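Visitor: no FASTA, just this:
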Ligand SMILES: Nc1nc2c(ncn2[C@@H]2O[C@H](COP(=O)(O)OP(=O)(O)OP(=O)(O)O)[C@@H](O)[C@H]2O)c(=O)[nH]1
Ligand SMILES: [K+]
Ligand SMILES: [Mg+2]
């Protein structure tokens, strides 16, 4: 062994954990992180000395058991609490070859109390040590997953702790309101009950309620940025739906043929529309059919279109058909296709395209990007980026709305205030945090 036995307490949270934080596979440089009480001892044993904190230092890394050199690289030691996790931590920047990485992992793994990290475990420690709040953790997960510029911006704002700060302000106001209500309850023993306790606290909770409503209003936009807009291509069979999907995706995703009823399944491709993420969905042509498989395709097409942010209703220019009446609720653009076949036909649609000649495909893409920017724009300074946030804020909103609309007795007002506070505590992870974390970290990478 390495002579460090017993230097670190054994046990899960006392463990020193390590992981390759850079991507898998061969690369010029790989970064191996470790965090936990034995970090300093491990750096000293592997790099020959413990460099001053936060100074990148060139060193030869050796297997302490054999003395064999593994690589030469940079090591940075972070002394807790000034580190990502709040504990003593370190980073080794090494050459990214598989054998180099494996050699250093084996050397570090041989230390007593050191073990490979689980997904999200570094961030979990940062949360437990108060370095990050739950909203920031979610932001970091989103930042690592961000595919488009708008997703990146939103995630970065979240990592700055916006959700926690706003929720903290709301909480403080509600706690003040609770204190006043508690005073009312005390006085009620003396027969001097406030006639309408809600009036007493209305000046405190009305502004909170207004802000919560503002957040809910912006929520759909925030979720759209994160999850991507859904755009469904619908229309009668053979309208050219799959051809358009392939043209916009710039690859052959869907089968195209002259046979009506070619597409049965729902096909999805991800698009970057001017920095906004979108999912473009091809569907089965809508028609009455006795074929049971095609019927399933048609009902799936309708379902996706009804839940879409936007439906592109495609129909041939020379034989234009009105949109299916079952799509009434969806935002819908009529697009006439195969314009190359009917050059003199009068357009009944807002836009005529030809996937064959490329006519107006750029115009369609521009309009889609504009739509995406408008749909995402309203969410630019909102804090809600996921369903979980929206649910908690909606719960708090309805509890506060009840207080202001009823002239309920003081006990009921106190109960509603408690419900609103509880919803906000869940929002920032003061309650039910293990359930929420399990869900978040299951999607995290190892090493984060
Ligand atoms: N000339 C011309 N033909 C097109 C154009 N777009 C599609 N087509 C042809 O129209 C036929 C039907 O195209 P698809 O893309 O399979 O149509 P669809 O709407 O997906 O059809 P279903 O999946 O069966 O509902 C194919 O033969 C395509 O090559 C176009 O812009 N111009
Ligand atoms: K077809
Ligand atoms: Mg098709």
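Guide: Ah, there it is. Just so it is clear, the structure is predicted and the values come from calculations on it, not from any experiment. Ligands and ions are numbered 1, 2, ... in the order given.
Visitor: run a quick neighbour tally on the nearest residue to residue 53 once chain neighbours are set aside.
Guide: Closest residue in space to residue 53, ignoring its immediate chain neighbours: residue 79 at 4.2 Å, by C-beta to C-beta, 6 or more residues apart in numbering. All C-beta atoms are positioned from the backbone trio N, CA, C, and that covers glycine. Residue 79: 16 surrounding residues under other C-beta atoms under 10 Å.
Visitor: show me the contacts for whichever residue of the chain sits closest to ligand 1.
Guide: Nearest residue of the chain to ligand 1: residue 285, at 2.7 Å (C-beta to the nearest ligand atom). Residue 285 makes contact with 235-239, 241, 260-261, 263, 298, 301, according to C-beta atoms under 8 Å, 6 or more residues apart in numbering.
Visitor: any idea which element it lies in?
Guide: According to DSSP states H and E, residue 285 maps onto no helix or strand at all.
Visitor: and the strand or helix carrying residue 224, which residues are buried?
Guide: Assigned by DSSP H and E, residue 224 belongs to helix 197-227. Going by neighbour count (16 or more other C-beta atoms under 10 Å), the buried part of helix 197-227 is 197-198, 200-201, 204-205, 208-209, 211-212, 215-216, 218-226.
Visitor: check stretch 32-46 too.
Guide: Buried-residue list, stretch 32-46, by 16+ other C-beta under 10 Å: 32-43, 45-46.
Visitor: measure it end to end?
Guide: Terminal residues of stretch 32-46 are spaced 13 Å apart (C-alpha to C-alpha, to the nearest Å).
Visitor: again, but for stretch 119-139
Guide: One end of stretch 119-139 sits 16 Å from the other (C-alpha to C-alpha).
Visitor: go on, stretch 222-236?
Guide: By C-alpha to C-alpha, the extent of stretch 222-236 from end to end equals 33 Å.
Visitor: check whether that stretch contacts ligand 3.
Guide: No. Remark: stretch 222-236 sits outside contact range of ligand 3, by C-beta under 5 Å from the ion, the gap being at least 8.6 Å.
Visitor: give the rounded mean pLDDT of that stretch.
Guide: Stretch 222-236 carries an average pLDDT of 91.
Visitor: gap between residue 21 and residue 109?
Guide: According to C-beta to C-beta, to the nearest Å, residue 21 stands 16 Å off from residue 109.
Visitor: look at the two and report which has more neighbours.
Guide: For residue 21 versus residue 109, neighbours defined as other C-beta under 10 Å are more numerous around residue 21 (18 against 11).
Visitor: so the more buried one makes contact with residue 123?
Guide: No. The criterion here is C-beta atoms under 8 Å, and residue 21 misses it with residue 123 at 11.5 Å.
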